[in-house]
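In: generate coordinates for the sequence data below:
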Amino acid sequence: MSQAGVIDGLQFAREAQEKHGILDTQDLQRLAQAGCSGGRLEYALRGAILKDGKPWLRISVSGELQLICQRCLEPVEWPVAIEAELQLSEDEREVETAEDDIDRALAKPSMNVAQMVEDEVILALPMVPRHEQCEHADAGKPERISPFGALSALKVKQER
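Out: Coordinates of the predicted model:
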């Protein structure tokens, strides 16, 4: 298990540094509050200066989380596979007022890596987690009879 630590965002990007590690989901409190449990998340953080001269961070996260199915309230496995890019900005106003589709983060001399990874995972969580085929959801419900099926049965009786 690695301690994610902190980075100086601009220096990290300018020097094209890389940081890899594993985070235990029980140490990520906001994910726990969102109903996630179990597992470990493997992350990779890479800094870069792109052709436009802007500093960027690339965040990759993989692993598996256990969420609660909203149909049957049983655990459901959710695979994590995230690739995110953040443009770093030294100006908070630029981050808040940008009117394009670029994800931005305020570059600070001490950026918490675990928090950045957790942010990206939270953004990728499904709004309503559920099983593809939820076996438990229909177990306690009585079988529903279609009113059109009943009409069809009456029609067959009348034709005889």
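
In: in this structure, which residue is closest to the centre?
Out: By CA atoms, centre = their mean, the mean C-alpha position of the chain lies nearest to A124, the distance being 2.3 Å.

In: residues in contact with that one?
Out: By CB atoms under 8 Å, 6 or more residues apart in numbering, A124 lies in contact with V80, I82. (Each C-beta comes from the backbone N, C-alpha and C, glycine too.)

In: give me the distance between it and A32.
Out: Separation of A124 from A32 (CB to CB, to the nearest Å): 16 Å.

In: hey, where'd the strands end up in the protein?
Out: Applying DSSP state E to the chain gives strands spanning 6-7, 18-24, 40-49, 55-68, 75-89, 104-106, 111-112.

In: so which of the ones you listed is nearest Q133?
Out: Among the strands of the chain, strand 75-89 comes nearest to Q133, with 11.1 Å by CB to CB.

In: what pairs with the closest one, parallel or antiparallel?
Out: If you go by DSSP bridges, strand 75-89 pairs up with strand 55-68 (antiparallel), strand 104-106 (parallel).

In: show residues contacting the shortest one.
Out: Here strand 104-106 makes contact (CB under 8 Å, 6+ apart) with 9, 57, 86-90, 92, 94-95, 98, 111, 116.

In: quick one: which of the residues you listed is most hemmed in?
Out: When neighbours are taken as other CB atoms under 10 Å, the top entry among the contacts of strand 104-106 is L57 (25 neighbours).

In: residues in contact with R40?
Out: M1, I22, L23, D24, T25, G63.

In: pLDDT score for it?
Out: Listed pLDDT for R40 reads 85.

In: thanks again, I'm all set now.
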